[in-house]
Each structure stands twice: as C-alpha cells, then as structure tokens.
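1. what shape does this take:
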Amino acid sequence: MKRTQKSILIFCVAILFGVFLSLTNAATLIDAKTGSKIPEIHIGDAGAFTGPAASPCMEIFNSAQLAVDEWNQRGGIRGLKIKHIMGDDAMDPAQAVNVAHKFVADKLMYGVIGPPMSHTAQATLKIYASGNLACITTAASKPSLTEQGYRHFFRVNARNDAHGWNCAKFIKNYLKAKRVAVLNEKVAYCENMAKETIKGLKKLGITDILQETIVGGSKDFTPILTKVKAFAPDVVFFIATAAPDQALGVRQMRELGINAIFFGTEGAKDKKDFIEASQGAAEGAYVYHFAPDIYAIPQAANYINEYEKKYGTISGFGPPAYEAMNILLTAINNAAKDGKISRVEVIDELHKTKNYRGILGVPITFDEKGDLKGGATYFFKVVGNDFKQVAVMGGSE
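-> You can find the predicted model right below:
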C-alpha cells in the first residue's frame, strides 16, 4: 500500500515538473541578435500627445492600448507581457528625433505605432531604419515617405497622391466648385496635400485657384481670409494639421461674411476641437479623412463599446491605430514562434501582411513599399454636433 502511494506521489511530482517545464519553455523568448532572454515585449507609440494635436493623438494611443490589453489578457506573446510606451514629440521634428533615438535604444522594443504626422515621420525615417525598428503610421500620408527604399515603414492609410486626387474630384463633382481657395500650413503634409489637390483640380479643368500659406497656431487668420473674400471662391480648402486652427479658420470666415463652402482636412474630424470650438460656424462644413465611419462597420462593435466605456468619444483617429497595433503584434507573434526573435524578422513578417481583416471593414495588405493597397478617402459633412459620411473614393478611381 505504502509502495503504491509512493509511486503515485512520484508520478504526480513528475507530471507537475513536466507542466512547469512546459510553461517555462513557452514563456522563453531569446533575442536572436544578443542571445539574451527577453523579459517582456515593448511597443513604442510616437505622436503629439501634448499641444494642439493632443486630442487625436491620445485617441490613437488609447486605441492601440486597447489592442495591447486584449493581447495581454490572452497571455501576451509566448507568455510575455506587452508594454505600450508613449513617446511624446509635441508635433516637433526635433522632439520626434529624440523619441526615435530613445525607442531604437530600447533593446526590448520590437515595433512602433506612428509617427502620425508626415513631418515628424520624415524627420525620423533614417533613425528607425538604422535600428531596424518597424513603424506603422496611422495617418502620415506624404508619398515620399515610402519612396526612399526603407523597409521598416508601413502605413494603414492612403497617401496624399490618392487623397489629393480624390479631394479634387470631390470639390468639382460633389461640391460643384469652379473657383477654389487653397490655404495650407507650411509643413510637409500640408504643403504636399495642397500640391496634389491643385494638380488634380487643374487636371479636372479648374484653373481659378487662389493659393495662400497660413501659420499653424495663429490667433488670427483674417489677413489671409480678407484676400480669400476678395477672390470670392466657391470652396475654401483649409489644409491645416490641427483641429483648433480649422475651427478658428471657419469661424473667422463666417465673421468676415465669406459664404464659401469650408472644406477641412483629416485633422478637423474632431467633435470637440472643431465642431464645438467653431461655435456653430462649422455647420454644413465638409472634411476628408483616412478612415471610414467606424459606427457603420459591424466588426467594430466590440472596439467601439470598449473604447467608449474606457475613454469616451471616438472621432476617427483611433480605429486605424487599433488595427495597426493588432497587425504589428501579429507580426511579432509570428516572428517569435520559434523561440527567437529579431527586429528584422518583425519587418519581414509585416511585409507578409495580406488581407488582414480587422475592424476597418476593408482587408489590409501592404505592398512592397509598405503602402496600403487600395486605400480610400472618406468624406464627411458636419451635421449638428456630429460628422455624417457622404462619400467614399478609392485611390485608383
């Protein structure tokens, strides 16, 4: 009897030891470059979390955090916890460079969400490339970002050459404009967007175009808007990075008696900083955006519920970030399957992304440059205190 009990005890101990070894091995991940064991996985998030673009950038961060939380609840990556680290660049290229150096130096970091602005992405391309650190932007749209031969940079949004052409078609065919004023801030994204749109307008036969430069963060746009009033356009395309500037622009337009249609960029799609801040002047205005109406997509129901429960209102910047984080973590997970991982492997796995289906209602595939295949431009009208989607145009149309 005692012998039997002893045998059972030895058997149970062996089983428990086997389970322990199994769990230990499952949680083991080795950095292929250094040979050291990885205690946790770090993911960076580069963006303007302070300043005039803080609202959309915090929506980006919070949405990415939701994805991280879900992965951690399921056990992380090979049993390792995923840590999401904020890198605030305040929309300043110099600060963006500091963030990039910090992220590249972090030996536990295997990918970055962002940067979301073209000028900060442009300033940091070489730094992230030098460290083989994958970046997935959710909004940076200057075409040249993916035309320089780098393998580490990806985007889940369409480029300005698609947006500009689509905006030109929208201005002519939907807004029925014949005279257009294009006001753009002097930064990479805005200058390029103005160039692409004007090129499209001229291709469509619209040549009565006034182009002027505005200063981001200005407290008074009336000197430029006085010129606009004299030009008497049908549409004013106000190309600024942040929603507060566009709210001030549309308000001062109305105060000057300019009755032209106000057409804002993606940065204006913010209920608080554009619609509310305009004090009613934004009613009937239009904006374009890189993401669809998330409330119309059934696959996004859980994301919407969780986001609103934890963080509040969704303007539209968050859904692509939730998608981007899931794509990045999937690539990291695939790279880690053999128990070893490197940053280069993560980049290789991202290049294999084909027809990823998440919450955006469209499959995500990266081309050889890292661009989104088949990206679209979405157009919204301000109706009351919300944005109503009125049109969608594909990049190839």
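2. ramachandran angles for residue 281?
-> Phi and psi for residue 281, reported as degrees, to the nearest 10, are phi -70, psi -20.
3. ok, it - how many residues close by?
-> Residue 281 has 20 neighbouring residues, counting by other C-beta atoms under 10 Å. The way it works is simple: take the backbone N, C-alpha and C, and place the C-beta from them, glycine included.
4. quick one: contacts for it?
-> By C-beta atoms under 8 Å, 6 or more residues apart in numbering, the contact list for residue 281 reads 247, 250-251, 253-254.
5. which ones among those residues map onto helices?
-> 247, 250-251, 253-254 (DSSP state H).
6. contact partners for the closest residue to residue 261 other than its chain neighbours?
-> Leaving aside its chain neighbours, residue 261 sits nearest to residue 235 (4.7 Å; criterion: C-beta to C-beta, 6 or more residues apart in numbering). Residues near residue 235 by C-beta under 8 Å, 6+ apart: 171, 175, 177, 179-181, 260-261, 263.
7. could you flag which of the contacts of residue 281 are buried?
-> Burial by neighbour count, 16 or more other C-beta atoms under 10 Å: within these this picks out 247, 250-251, 253-254.
8. and these, which is closest to residue 317?
-> residue 247 (16.2 Å; C-beta to C-beta).
9. let me know whether the closest one touches residue 280 as I believe.
-> No: if you go by C-beta atoms under 8 Å, residue 247 and residue 280 don't touch, sitting 10.8 Å apart.
10. just the buried ones from the contacts of residue 235?
-> Buried members of those, scored by 16+ other C-beta under 10 Å, are 171, 175, 177, 180-181, 260-261, 263.
11. possible to save the residues you listed as a markdown table with pLDDT, secondary structure and distance to residue 205?
-> Below are the buried ones among the contacts of residue 235 laid out as a markdown table (pLDDT from 0 to 100; DSSP: H, G, I helix; E, B strand; the rest coil; distance: C-beta to C-beta, whole Å):
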| residue | pLDDT | secondary structure | distance to residue 205 |
| --- | --- | --- | --- |
| 171 | 98 | helix | 12 |
| 175 | 98 | coil | 15 |
| 177 | 98 | coil | 11 |
| 180 | 98 | strand | 12 |
| 181 | 98 | strand | 17 |
| 260 | 98 | coil | 19 |
| 261 | 98 | strand | 19 |
| 263 | 98 | strand | 18 |
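12. out of the residues you listed, which comes closest to residue 374?
-> Checking those against residue 374 by C-beta to C-beta gives residue 171 as the nearest, at 22.5 Å.
13. neighbours of the closest residue to residue 343 other than its chain neighbours, how many?
-> Spatial nearest neighbour of residue 343, chain neighbours left out: residue 132 (4.2 Å); criterion: C-beta to C-beta, 6+ apart. Neighbour count of residue 132, defined by other C-beta under 10 Å: 17.
14. wasn't residue 132 part of a helix?
-> No: assessed by DSSP: H, G, I helix; E, B strand; the rest coil, residue 132 does not belong to a helix; its assignment is coil.
15. rewinding a little: which one of the buried ones among the contacts of residue 281 is nearest to residue 333?
-> Closest to residue 333 out of those is residue 247 (41.3 Å), distances taken as C-beta to C-beta.
16. quick check: that closest one vs residue 111, distance?
-> Distance from residue 247 to residue 111, counting by C-beta to C-beta, to the nearest Å: 34 Å.
17. cool, and residue 155?
-> Here the distance between residue 155 and residue 111 works out to 14 Å (C-beta to C-beta).
18. swap in residue 266?
-> 24 Å.
19. before we move on, what about residue 142?
-> Distance, residue 142 to residue 111, by C-beta to C-beta: 21 Å.
20. neighbour count winner among these two?
-> residue 111 (29 against 23).
21. re earlier: for the residue nearest to residue 343, phi and psi?
-> Dihedral angles (degrees, to the nearest 10) for residue 132: phi 50, psi 40.
22. who touches it in this structure?
-> Residue 132 sits next to 152, 342-344, 347 when contact means C-beta under 8 Å, 6+ apart.
23. same thing with residue 66?
-> Applying C-beta under 8 Å, 6+ apart to residue 66 gives the contacts 303, 306-307, 310, 322.
24. beta partners for the residue nearest to residue 261?
-> residue 180, residue 261 (DSSP bridges).
25. so how far is residue 163 from it?
-> From residue 235 over to residue 163 the distance is 16 Å, taken as C-beta to C-beta.
26. again with residue 374
-> For residue 374, the distance to residue 163 (C-beta to C-beta) stands at 14 Å.
27. got it, and residue 246?
-> Taking C-beta to C-beta, one finds residue 246 at 16 Å from residue 163.
28. next one: residue 369
-> Distance from residue 369 to residue 163, counting by C-beta to C-beta: 17 Å.
29. more neighbours, the two?
-> Counted by other C-beta under 10 Å, residue 369 and residue 163 do not tie: residue 163 has more neighbours, with 28 against 18.
30. which residues does that one contact?
-> Contact analysis of residue 163 by C-beta under 8 Å, 6+ apart lists 141, 193, 196, 288, 290, 377.
31. for residue 166, give its distance to residue 174.
-> Where residue 174 is concerned, residue 166 sits at a distance of 10 Å (C-beta to C-beta).
32. kindly apply the preceding question to residue 116 instead.
-> Residue 116 is 27 Å from residue 174, where distance means C-beta to C-beta.
33. quick one, which of those two is more surrounded?
-> Between residue 116 and residue 174, counted using other C-beta under 10 Å, the more crowded position is residue 116 (28 against 14).
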